[in-house]
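> with the input below, show me the fold.
(chains A, B, C and D)
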Number of protein chains: 2
Amino acid sequence: MKNKSEIPECVQKCGVEYAFKRIGGKYKGRILWHLGMQKVLRYGELSRTLPDITTKMLTQTLRELEVDQLIIRKMYHEVPPKVEYSLSETGLELIPFIDHIHQWGKKQLANEIL
Amino acid sequence: MKNKSEIPECVQKCGVEYAFKRIGGKYKGRILWHLGMQKVLRYGELSRTLPDITTKMLTQTLRELEVDQLIIRKMYHEVPPKVEYSLSETGLELIPFIDHIHQWGKKQLANEIL
DNA sequence: AGCAACACATACTTTTTAGTATGTAGCATA
DNA sequence: TATGCTACATACTAAAAAGTATGTGTTGCT
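Presented below is the predicted three-dimensional model:
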């Protein structure tokens, strides 16, 4: 499987495939979820909220989400710098689904403990 | 981050984190989706439905889903062998959400083309 | 002059995930 | 005897993702 033309059309056009590529990263779901709850978060706030994510991965993941237009990055030209992240329109549309999956996950976790 | 005890509690208990681990693989979403539509599929049928997945990855992914109790594997002791896959109760609960994300993905794909 | 504040960047290494190629079982049919 | 059918297994390699450690810029404060 070398180039795009060799991949069957049905695969390229699959919404599930496409969606999972955009939100399937290790941390993307959680970042989107927190932005969905808090509306606006600064870089440092996100970092403290998700302490297991290294700054490298946090920055990288935020960039990907920005390029994919799921989040909006607003920077203030101040010193020390200030950057705020929030969901875009498209990102907002994902919140109901992330909520669904969150409920499901909580339920599963609860069952595991029993 | 070496062992579980070093990971903050809030992270371990996060339903979003947990859910993405279960269904976040490269192919898991699509496999679940197809099983959701077709109810029951044999190994070969799945393989033909998802031709870009190698047999190694298909088998491996199906095993993971089975261990996670999202799908059910039913084997018939015949020659040549016959194995049927279907969603479990828990797996079924994911269908509305996969449907949601499928709609979202289709919409995004449509926008991209314009 | 030195340090803190904040949001990163970068080089390098390790780990994880996926791909390639080939092999297996057991029976039926040519 | 050879081949096909089906659902895999396994060894090895390559690629992708993540982790570690360290560095950067600007300004105000001490």
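> residue numbers of chain A in contact with DNA strand D?
Within chain A, the residues that sit near DNA strand D (CB under 7 Å from any atom of the strand) are A:25-27, A:52-57, A:61, A:79-81. (Each C-beta comes from the backbone N, C-alpha and C, glycine too.)
> so which of those residues reach DNA strand C?
Restricting the residues of chain A next to DNA strand D to those near DNA strand C - CB under 7 Å from any atom of the strand - leaves A:55-56, A:79-81.
> so which helix or strand of chain A has the lowest pLDDT on average?
helix A:9-12 (a mean of 52; mean pLDDT, DSSP states H and E).
> follow the chain on from that one and name the next helix or strand.
Once helix A:9-12 ends, the next helix or strand along the chain (criterion: DSSP states H and E) is helix A:15-23.
> how about the CA coordinates for the next helix or strand after that following helix, as CSV?
Following the chain from helix A:15-23 toward its C-terminal end, the next helix or strand by DSSP H and E is helix A:28-38. Listed next in CSV are the C-alpha coordinates belonging to helix A:28-38 (Å, rounded to 0.1, in the frame of the first residue of the first chain):
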residue,chain,number,x,y,z
LYS,A,28,-6.8,14.4,21.9
GLY,A,29,-10.0,13.1,23.5
ARG,A,30,-9.1,14.4,26.9
ILE,A,31,-8.0,17.7,25.7
LEU,A,32,-11.1,18.3,23.7
TRP,A,33,-13.2,17.1,26.6
HIS,A,34,-11.6,19.6,29.1
LEU,A,35,-12.0,22.4,26.6
GLY,A,36,-15.6,21.4,26.2
MET,A,37,-16.1,21.7,29.9
GLN,A,38,-14.1,24.9,30.6
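> quick check: pLDDT value at the residue in chain A that DNA strand C sits nearest to.
Of chain A, the residue with the smallest distance to DNA strand C, taken as CB to the nearest atom of the strand, is residue A:44 at 2.7 Å. The pLDDT attached to residue A:44 in the predicted structure is 97.
> residue A:83 is in contact with residue A:40, correct?
No - with contact defined as CB atoms under 8 Å, residue A:40 does not reach residue A:83; the gap is 10.7 Å.
> between those two, who's got more neighbours?
residue A:83 (15 against 12; other CB atoms under 10 Å in any protein chain shown).
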